[in-house]
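1. below are the sequence and a predicted model; questions follow.
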Amino acid sequence: MPHPKFWSSEILAAARAVMFAIVQDKTGCTVNPRTAKEIKNVDHWAVAYKKYEQRHNMREFNLAAVAGYIWFYREILFPRDEVYVGVWLDEPNGVYYLDISTLHADEAHAIAIAVAEKQDCIVNLLSKIKIWTRRIDRKVA
């Protein structure tokens, strides 16, 4: 990871948007890195992609960690309109997960992707309802 002085203003803006959203709701957020705006109050399901997950214990989750994650995946996050920075808190274990997420209007489609990606959960950005997909038989999908 480069020294912070090499982070672009776009990366810092997106990282700040993530940290602001987490201050508002510590359980998680979804942020559009291209606009540096949180995606909320939208009836879509956020689905993460396993290979892009990064874990941070709560004490280490800070602006530098988020900016470093965004910098590392900048070539995926910035040119593609369909991907977002996701964060969710595994509170019992005191771990934040950073990920690359996509949004899906159709619940069944979102579940199918989550099962294929071996994700634990999807969340609706409007209702905040979580569906724990790890309980779904992965062989069915």
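-> Good, I have the coordinates.
2. what about the helices in the chain?
-> 9-24, 63-72, 74-77, 107-116 (DSSP state H).
3. out of the ones you listed, which is the most enclosed?
-> The highest mean neighbour count among those, using mean count of other C-beta atoms under 10 Å, belongs to helix 63-72: a mean of 20. C-beta coordinates here come from the backbone N, C-alpha and C atoms, glycine included.
4. ok, so what distance separates residue 84 from residue 57?
-> Remark: distance between residue 84 and residue 57 (C-beta to C-beta, to the nearest Å) = 23 Å.
5. so for the spatially closest residue to residue 14 that is not a sequence neighbour, what pLDDT did the model give?
-> Once flanking residues are discounted, residue 14 sits nearest to residue 33: 3.9 Å by C-beta to C-beta, 6 or more residues apart in numbering. Residue 33 is assigned 97 on the pLDDT scale.
6. closest to the centroid, which residue in this structure?
-> Nearest to the mean C-alpha position of the chain, by C-alpha atoms, centre = their mean, lies residue 86 at 1.0 Å.
7. the closest residue to it other than its chain neighbours: how many residues sit nearby?
-> Nearest residue to residue 86, sequence neighbours excluded (C-beta to C-beta, 6+ apart): residue 101, at 3.6 Å. Neighbourhood size, residue 101 [other C-beta atoms under 10 Å]: 25.
8. wait, the residue nearest to the centre of the chain touches residue 30, no?
-> Yes - between residue 86 and residue 30 a contact is recorded at 5.1 Å, counting by C-beta atoms under 8 Å.
9. anything in contact with each of those two?
-> Both residue 86 and residue 30 are in contact with 46, 101, where contact means C-beta atoms under 8 Å, 6 or more residues apart in numbering.
10. now residue 29: how far from residue 72?
-> 19 Å.
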